[in-house]
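A.B. asks: Fold the stuff below for me.
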Amino acid sequence: MIVKIFIRTVVLGILIAGTVQAATDPSSPKGSVGTCKPNIVIVYVDDLGYGDVGCYGATAVQTPAIDELAAEGLLFTDGHSSASTCTPSRYSLLTGSHAFRGKAEILPGDAPLLIRPGTPTLQGMLQNNGYKTAVIGKWHLGLGDGDVNWNGKISPGPLEIGFDYSYLIPATGDRVPCVMVENHHVVGLDPADPIEVNYARQIGTDKNGLEHPELLRYPADEQHAKTIVNGVSRIGYMTGGHSARWKDETLPYQMLHKARTFIDQNRDNPFFIYFSFHDIHVPYMPDLRFQGTTKLGPRGDAIVQMDYITGKLMEHLEKRGLKENTMVIFSSDNGPVARDGYFDTSYERLGDHKPAGKLRGGKYSSFEAGTRVPTIVSWPARIEPGRSDALINQIDIYSSVASLIGHELQDNEAPDSLNMLNVILGNSTHGRELMLREAYRSFSLRKNNYKYIPAVNEIHDWIQTSKKIEGGESLEPQLYDLSKDIGEQNNIAKQHPELIAELDAELQKIISQPTRRGR
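C.D. replies: From the prediction side, this is the model:
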């Protein structure tokens with residue numbers, strides 16, 4: 001009996017070792033680009049700034065899990081989202097296309113599905129190459145064809161554009177409906193209490209923040225002062241669906257549970273998880289265990305919560321023996337904002353903490369902090385720990401992953417995505433030479449260390465007055481040499497008219513046509 005058990009154990013060990021060897025191809029050195037199919041997890045945080053985590057210089061908030069991920073992987077000092085607002089960045093991440101090409105702007109809570117069925121997507125490409133795919137968390141890319149019936153089948157959605165499984169916050173935490181959608185249906189809905197949503201007028205008998213501020217945990221501006229859910233007023237009006245309404249404090253744990261379950265169900269296949277945090281987007285509603293863990297108020301506490309959940313997700317991969325052959329990409333959809341519709345003291349309690357670090361601007365902004373965000377890639381089987389100053393963009397994940405798994409891009413696929421696999425693996429520091437950045441209703445261009453911001457006809461001063469962020473817009477063109485002026489304080493446009501003309505021509509060329517051909 002003991003001999004049989006021993007033999008079975010040895011055979012099982014050989015089988016497991018063979019599986020790992022086939023997946024990781026250990027004969028290939030770290031940094032090699034040989035075709036293989038690792039598991040891929042994108043941990044996508046919301047509104048996390050360049051200076052909001054320890055490995056990027058934060059001291060007022062502790063982020064041990066993210067710091068460990070950085071210590072084990074490659075930390076990028078010049079990594080960017082494609083836009084300084086959420087919907088455009090998410091669109092670009094999943095399509096490899098600049099958001100303006102798909103007319104992707106910040107969506108209302110009842111918008112139709114933005115990425116239409118038939119559009120090539122990162123997850124669809126992986127699905128077609130044998131991956132099981134999941135999106136868990138914040139979506140904000142629209143659902144259905146318009147006028148969604150929240151009480152029936154909600155389609156089209158993620159399952160129609162390449163995901164095998166979805167568990168979603170439909171839009172954002174500050175927008176109704178405040179319910180979770182799993183695959184095609186609202187979770188926990190009582191048919192006797194149907195959901196109705198309206199963004200134009202009051203419906204039902206639920207209290208709203210405009211008329212009942214005494215019921216709020218903290219006050220909000222007029223836009224965010226509609227239907228009250230869980231003591232917080234939201235954008236838009238909602239009635240019904242009371243049994244399905246979320247509790248903000250438990251959402252991160254629900255997401256973690258769904259991700260763990262998906263991993264356990266698909267551990268024998270290569271899998272892709274787009275783990276899309278709601279933290280640290282408003283409303284900041286950390287669980288009780290995290291409240292007061294920083295001196296920064298709810299926003300700082302939400303960062304600690306996000307770090308904890310990230311750590312637990314990494315821990316689960318390790319427990320299941322999957323960490324070695326899983327590529328984890330950690331980043332944020334845009335730069336930071338500490339006041340975005342709610343008056344919860346987070347802005348007033350920033351103290352010496354600088355969410356954007358040494359950068360200027362933040363969410364919505366044309367300045368560098370709008371898109372330069374924490375960017376870490378970990379893959380123990382292939383990536384040596386270190387730091388990279390290469391200029392990279394999330395829009396390039398599509399093409400780089402395609403190269404990694406041996407997928408040849410078609411003519412209509414990922415038109416703006418460049419193959420940066422050698423950079424991601426740490427083989428090269430030669431990142432992008434040119435990079436278009438989308439800000440709120442404007443563009444800018446990076447060319448190596450030069451940063452060009454075109455002049456605008458009108459300045460949207462609400463970004464400064466309402467969000468307390470420098471929007472970066474000017475009636476005059478702006479040019480900064482980031483190698484000498486990372487804080488974008490010295491506009492050298494007047495000294496370099498020829499360079500301004502050159503960069504403007506480059507920007508217009510990218511706007512007028514996709515950039516992938518001839519790379």
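A.B. asks: Surely I395 touches N419?
C.D. replies: No. Counting by CB atoms under 8 Å, N419 is not a contact partner of I395; they are 11.7 Å apart. For the C-beta atoms, the positions are set from N, CA and C on the backbone; glycine is no exception.
A.B. asks: Those two - which one has more neighbours?
C.D. replies: Shown here are I395 and N419; by other CB atoms under 10 Å, I395 has more neighbours (31 against 20).
A.B. asks: Next one, pLDDT for G431 please.
C.D. replies: pLDDT, G431: 98.
A.B. asks: what pLDDT does the residue nearest to it when sequence neighbours are not counted get?
C.D. replies: Distances taken as CB to CB, 6 or more residues apart in numbering place A390 nearest to G431, at 3.3 Å, with adjacent residues excluded. Among the per-residue scores, A390 holds a pLDDT of 98.
A.B. asks: Same check on K30?
C.D. replies: 73.
A.B. asks: residues near L168, how many?
C.D. replies: 25.
A.B. asks: E214 now?
C.D. replies: 7.
A.B. asks: Ok, A70 next?
C.D. replies: Around A70 there are 25 residues (other CB under 10 Å).
A.B. asks: what's near enough to touch it?
C.D. replies: C55, I376, S378 (CB atoms under 8 Å, 6 or more residues apart in numbering).
A.B. asks: Please determine how far it is located from V53.
C.D. replies: 8 Å (CB to CB, to the nearest Å).
A.B. asks: Quick check: M125 touching Y398?
C.D. replies: Yes. In this structure, M125 is within contact of Y398 by CB under 8 Å, at 7.2 Å.
A.B. asks: who touches both of those two?
C.D. replies: E413.
A.B. asks: Am I right that H407 is in contact with M125?
C.D. replies: Yes. H407 is in contact with M125 according to CB under 8 Å; the separation is 5.8 Å.
A.B. asks: and these two? which has more neighbours close in?
C.D. replies: Remark: of H407 and M125, M125 carries more neighbours, 24 against 17, as counted by other CB under 10 Å.
A.B. asks: That one belongs to a helix?
C.D. replies: Yes. Counting by DSSP: H, G, I helix; E, B strand; the rest coil, M125 is found in a helix.
A.B. asks: Check the gap between it and L475 for me.
C.D. replies: 43 Å.
A.B. asks: which residues does L296 contact?
C.D. replies: L296 neighbours (CB under 8 Å, 6+ apart): A60, V61, I303, S346, R349, L350, G351, H353.
A.B. asks: Tell me which residues touch the residue nearest to G431, please.
C.D. replies: A390 touches F76, D78, M420, V423, S428, T429, H430, G431, R432, counting by CB under 8 Å, 6+ apart.
A.B. asks: Would you mind checking the residues you listed for buried ones?
C.D. replies: Among those, those scoring as buried are F76, D78, M420, V423, G431, R432 (criterion: 16 or more other CB atoms under 10 Å).
A.B. asks: In strands only, show me the residues you listed.
C.D. replies: F76, D78 (DSSP state E).
A.B. asks: Tell me where the stretch 351-500 of the chain has helices.
C.D. replies: 397-405, 421-424, 462-467, 497-512 (DSSP state H, counting those that start in this stretch).
A.B. asks: comparing those, which gets the lowest mean pLDDT score?
C.D. replies: Among these, helix 462-467 scores lowest, at a mean of 90.
A.B. asks: Return the per-residue confidence for K4.
C.D. replies: So, for K4, pLDDT stands at 41.
A.B. asks: same thing with M1?
C.D. replies: The model's pLDDT for M1 equals 43.
A.B. asks: how about the nearest residue to Q410 once chain neighbours are set aside, phi and psi?
C.D. replies: Distance criterion CB to CB, 6+ apart; nearest residue to Q410, sequence neighbours excluded, is P120 at 7.0 Å. The phi and psi torsions at P120 (degrees, to the nearest 10) take the values phi -60, psi 130.
A.B. asks: what residues are up against P120?
C.D. replies: P120 sits in contact with T95, G96, Q410, N412, E413, A414, where contact means CB under 8 Å, 6+ apart.
A.B. asks: ok, those residues vs H281, which is closest?
C.D. replies: Distance to H281 across the contacts of P120 (CB to CB) is lowest for T95, with 21.6 Å.
A.B. asks: Neighbours of that closest one, how many?
C.D. replies: Neighbours of T95 (other CB under 10 Å): 28.
A.B. asks: correct me, but it touches G124?
C.D. replies: No. Checked against CB under 8 Å, the pair T95 and G124 is beyond contact range at 9.7 Å.
A.B. asks: What helices and strands are in contact with the helix or strand harbouring Y308?
C.D. replies: In the assignment (DSSP states H and E), Y308 maps to helix 298-319. For helix 298-319, the packing partners by 3 or more CB pairs under 8 Å, 6 or more residues apart in numbering; DSSP states H and E come out as strand 39-45, helix 64-72, helix 251-265, strand 326-332.
A.B. asks: Format those as TSV; extra columns: mean pLDDT and distance to K153.
C.D. replies: What follows is these, written out as TSV (pLDDT from 0 to 100; distance: least, CB to CB, whole Å):
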stretch	mean pLDDT	distance to K153
strand 39-45	98	27
helix 64-72	98	37
helix 251-265	98	20
strand 326-332	98	32
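A.B. asks: Between these, which one is closest to D174.
C.D. replies: Per CB to CB, nearest to D174 of these: helix 251-265, 12.8 Å.
A.B. asks: just how off-centre is that closest one within its chain?
C.D. replies: On the basis of CA atoms, centre = their mean, to the nearest Å, helix 251-265 is displaced by 18 Å from the centre of the chain it belongs to.
A.B. asks: Then stretch 348-364?
C.D. replies: 19 Å.
A.B. asks: tell me the mean pLDDT over that stretch?
C.D. replies: 98.
A.B. asks: how long is it end to end?
C.D. replies: 20 Å (CA to CA, to the nearest Å).
A.B. asks: Report the inter-axis angle for the helix holding Y308 versus helix 64-72.
C.D. replies: Angle of helix 298-319 versus helix 64-72, following axes from the mean of the first three to the mean of the last three CA atoms, to 10 degrees, is 60 degrees.
A.B. asks: starting at the chain centroid, how far to helix 298-319?
C.D. replies: On CA atoms, centre = their mean, the centre of helix 298-319 falls 15 Å from that of its chain.
A.B. asks: Could you do stretch 202-220 as well?
C.D. replies: 30 Å.
A.B. asks: I figured N491 hits D481, correct?
C.D. replies: No. The criterion here is CB under 8 Å, and N491 misses it with D481 at 10.3 Å.
A.B. asks: Show me where the stretch 151-300 of the chain dips below the pLDDT cut-off.
C.D. replies: Applying pLDDT under 70 to the stretch 151-300 of the chain flags no residue at all.
A.B. asks: can you give me the strands in it?
C.D. replies: Secondary structure of the stretch 151-300 of the chain (DSSP state E, counting those that start in this stretch): strands at 165-169, 181-182, 185-186, 196-198, 228-229, 232-233, 237-239, 271-276.
A.B. asks: so P158 touches S166, yeah?
C.D. replies: Yes. Using CB under 8 Å as the test, P158 is close enough to S166 to be in contact (3.9 Å).
A.B. asks: For E105, give its distance to S276.
C.D. replies: From E105 to S276 the distance is 18 Å (CB to CB).
A.B. asks: Among those two, which residue is more densely surrounded?
C.D. replies: S276 (23 against 18).
A.B. asks: Name the surrounding residues that touch stretch 279-288.
C.D. replies: 45-48, 52, 86, 138, 172-174, 224, 230, 232, 248-250, 252-253, 297-299, 301-306, 309, 340-342, 344, 346.
A.B. asks: Stretch 251-259 too?
C.D. replies: 134, 136-137, 167, 169, 173, 180, 273, 275, 277-279, 287, 305-306, 309, 312-313, 316.
A.B. asks: Go again with 7 Å.
C.D. replies: I136, G137, Y167, I273, F275, H278, D279, Q305, I309, K312, L313 (CB atoms under 7 Å, 6 or more residues apart in numbering).
A.B. asks: From those, pick the one nearest R360.
C.D. replies: D279 (24.3 Å).
A.B. asks: Next up, the contacts around the nearest residue to that closest one once chain neighbours are set aside.
C.D. replies: Distances taken as CB to CB, 6+ apart put M306 closest to D279, at 4.1 Å, once the chain neighbours are dropped. The contact partners of M306, by CB under 7 Å, 6+ apart, come to V45, F277, D279, I280.
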